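**Student:** show me how the following folds:
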Amino acid sequence: MSSAKKRVIISACLLGEYCRYDGKTKVVNAVIEAYKEYEIIPFCPEDPLFGTPRERINVVEVNGENRIITEITNMDVTLRLEEEINAFCAKHHDIDAIVLKSKSPSCGYKTTSIINKEKIFLHFGSGIASTILSKKYPNIKIENEIEFEVK
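**Tutor:** Purely as a prediction, here's the structure:
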């Protein structure tokens, strides 16, 4: 029997890191408490690429495909984020749990607003990171902080 701790990926902003686009955090103590016996792996794909604070990004449906577009400068940063997220996953194997920030264009899992080029809401979907993580770790349920706040 292995004595290694279980490992959990958690959105860094939920852990109290000041890495959100607006320079703030969204710490959720219930998440930290729930995983206190785990090895916690903080995760924020945006901060290493764009710094904090930074321009807000959106998930924009373009020709039937979700793209990550900066809100003001209208730059497509999808490829940069995909590379960052895939590099993160390559470093972290044997994950036991994932908790991501809801509604985030990166981390939101089925809670993120998907908009069109005119910035009109189309439907809820998943952010780029949660989409990639769900494929890289297909046997791990992705949770969000809302599930912990009501417990």
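**Student:** for the protein, just list every one of the strands.
**Tutor:** Secondary structure of the chain (DSSP state E): strands at 7-11, 39-43, 57-62, 65-70, 97-100, 112-115, 121-125, 142-144.
**Student:** what strands line up against the third one, and which way round?
**Tutor:** Same thing as strand 57-62. In the sheet, strand 57-62 lines up against strand 65-70 (antiparallel), strand 112-115 (parallel) (DSSP bridges).
**Student:** over to the second one?
**Tutor:** Sheet partners assigned to strand 39-43 using DSSP bridges are listed as strand 7-11 (parallel).
**Student:** then the last one?
**Tutor:** As defined by DSSP bridges, the strand partners of strand 142-144 come to strand 97-100 (parallel).
**Student:** only the buried residues of the worst-scoring helix or strand of the chain on mean pLDDT, if you could.
**Tutor:** Between all helices and strands in the chain, the lowest mean by mean pLDDT, DSSP states H and E belongs to helix 146-149, at a mean of 86. By 16 or more other CB atoms under 10 Å, the buried positions in helix 146-149 come out as F148. Just so you know, the C-beta spots here come from the backbone N, C-alpha and C atoms, and that holds for glycine as well.
**Student:** just stretch 47-62 next, same as before
**Tutor:** By 16+ other CB under 10 Å, the buried positions in stretch 47-62 come out as 47, 50, 52, 54, 57-60.
**Student:** just those residues now: which is nearest I132?
**Tutor:** Proximity of the buried residues of stretch 47-62 to I132 (CB to CB) peaks at V59, which lies at 13.0 Å.
**Student:** wait, the closest one touches P105, no?
**Tutor:** Yes. Using CB atoms under 8 Å, V59 is in contact with P105, at 4.9 Å.
**Student:** sounds good, over and out.
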